[in-house]
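Undergrad: Let me see the structure of the following:
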Amino acid sequence: MVWRSVMISRPAKLRREHYSLAIEQEETAFVPFEDIAVIVLNHREITLTHPVLSACAEYGIGLYATGSNHQPAGVFLPFLSHSRATRMMRKQLGIAKPAAKQAWASVVRRKIENQAACLRLCGSTGVDRLESYARRVRSGDPENLEGQAAAFYFSQLFGKNFHRAEKRWANAALDYGYAVLRGAIARGLVAHGLHPTVGLFHDSEQNAFNLADDLIEPFRPLIDLHVAKRSAATEGELIPADKSALVALLNVDVAMPQGRMSALSAIEYAVESLVRVFEEDARELDLPVLIGLQPHRLEC
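TA: A predicted model of the protein is given here:
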């Protein structure tokens, strides 16, 4: 299981040296490819060799590039190297509508439960109302309780005058964190033979990450919690330390049916459970429970 995320925010040259990524700066650091889940390139003066790209594909590493606004602008993913990619594509396209609607309901329910947990951890009011929304979610979420919960949740978390379209630190941080999370989920989907374009609920023809945008929902409150804890005392643009902290959230612990683990590991288990749903071997998804912002610790 992969554990590490690498963020590079200063000029550097990246090359492959045997089984490791060599990061040449004032000194050269080496990171084994097998330990890396994601690499974020966050500076205009970073160069890398073709063998680095090949290694990212070989080891299933998500390689992010940021744009002129320093927000993630794209992600390099392995090209469907899974041995059963065609078979899984047929399963995705052929999933029964009731199964897809039930899976989406479980995603929405856990998302709202995690939003309630986020409010509780922030000491905000409105937990009971969100828990009520979660209990009322039905197959396919026909009442759009997800949307109702979101409108209420953000006003409780960031204030009644908060709008997601505003240009402010909190929104920039949310966008950055969601983009990193989205790429990590897309990476996990591809690694398990699933195609990110074909979603359960999201189905935009212009979105290459519909399925990632389905599975990201219960993970979003992890980003929200981090941003809410910092936004009151932070304004202006994101600085490198902010971005590093957002990438590091991939290694924060969540609770899963299999036990406590990092968000990165939880993504792997969630994707595996999604594969079982497509294979008709399971009806429920294994989804994360928000428990705080404690970094994962490896036990020796």
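Undergrad: how far does the longest helix along the chain sit from the chain's center?
TA: When the chain is scanned for its longest helix (criterion: DSSP state H), the result is helix 97-121. In terms of Cα atoms, centre = their mean, to the nearest Å, the centre of helix 97-121 is found 15 Å from the chain centre.
Undergrad: Show me what the helix or strand following it is packed against.
TA: On the C-terminal side of helix 97-121, the closest following helix or strand by DSSP states H and E is helix 127-135. On a contact count with 3 or more Cβ pairs under 8 Å, 6 or more residues apart in numbering; DSSP states H and E, helix 127-135 meets helix 97-121, helix 145-158. For the C-beta atoms, the positions are set from N, CA and C on the backbone; glycine is no exception.
Undergrad: Torsion angles phi and psi at residue 7?
TA: Backbone torsions for residue 7, taken as degrees, to the nearest 10, come to phi -120, psi 130.
Undergrad: ok, residue 30 - contacts?
TA: By Cβ atoms under 8 Å, 6 or more residues apart in numbering, the contact list for residue 30 reads 17, 20-23.
Undergrad: Three-state assignment for it, please.
TA: State at residue 30, reduced to three classes by DSSP: H, G, I helix; E, B strand; the rest coil: strand.
Undergrad: Look up how far residue 58 lies from it.
TA: According to Cβ to Cβ, to the nearest Å, residue 30 and residue 58 sit 17 Å apart.
Undergrad: pLDDT of the longest helix of the chain, averaged?
TA: For helix 97-121, the mean per-residue pLDDT is 96.
Undergrad: could you say what helices and strands the helix or strand of the chain with the lowest mean pLDDT packs with?
TA: The weakest-scoring helix or strand in the chain, judged by mean pLDDT, DSSP states H and E, is strand 72-76 (a mean of 77). Counting contacts by 3+ Cβ pairs under 8 Å, 6+ apart, strand 72-76 packs against helix 50-59, strand 62-66, helix 169-191.
Undergrad: Note down every partner strand of it and its orientation.
TA: strand 62-66 (antiparallel) (DSSP bridges).
Undergrad: Need the mean per-residue confidence for the strand it pairs with.
TA: Per-residue scores along strand 62-66 average to 84.
Undergrad: Quick one: the contacts of residue 30 as CSV, columns for distance to residue 194 too.
TA: Shown next, in CSV, are the contacts of residue 30 (distance: Cβ to Cβ, whole Å):
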residue, distance to residue 194
17, 32
20, 29
21, 26
22, 32
23, 31
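Undergrad: Quick one: buried ones out of those residues?
TA: Burial by neighbour count, judged by 16 or more other Cβ atoms under 10 Å, picks out 20-23 from those.
Undergrad: got the contact list for residue 88?
TA: Residue 88 neighbours (Cβ under 8 Å, 6+ apart): 82, 192-195, 275, 278.
Undergrad: Strands along the stretch 201-300 of the chain, start to end?
TA: Ranges of strands in the stretch 201-300 of the chain, per DSSP state E, counting those that start in this stretch, are 253-256, 259-262.
Undergrad: Which strands or helices does the first one pack on?
TA: Put plainly, it is strand 253-256. Using 3+ Cβ pairs under 8 Å, 6+ apart as the contact criterion, the elements in contact with strand 253-256 are strand 259-262, helix 263-278.
Undergrad: Pull out the buried residues from that strand.
TA: Buried residues in strand 253-256, counted by 16+ other Cβ under 10 Å: 253-254, 256.
Undergrad: just stretch 247-260 next, same as before
TA: 247, 249-254, 256.
Undergrad: Assess the claim that residue 287 and residue 108 are in contact.
TA: No. With contact defined as Cβ atoms under 8 Å, residue 287 does not reach residue 108; the gap is 10.4 Å.
Undergrad: so what are the domain limits for this protein?
TA: Domain assignment of the chain by automatic domain parsing yields the ranges 4-76, 85-278.
Undergrad: for the stretch 101-250 of the chain, which spans come out with low pLDDT?
TA: Residue ranges of the stretch 101-250 of the chain with pLDDT under 70: 232-234.
Undergrad: And the contacts of stretch 37-49?
TA: By Cβ under 8 Å, 6+ apart, the residues outside stretch 37-49 that reach it are 2-16, 21, 56, 61-66, 70, 72, 180, 183-184, 187, 240, 243, 247, 250, 264.
Undergrad: Buried only: go through these for me.
TA: Buried subset of these (neighbour count, 16+ other Cβ under 10 Å): 2, 4-9, 12, 14-16, 21, 56, 61-64, 66, 70, 72, 180, 183-184, 187, 243, 247, 250, 264.
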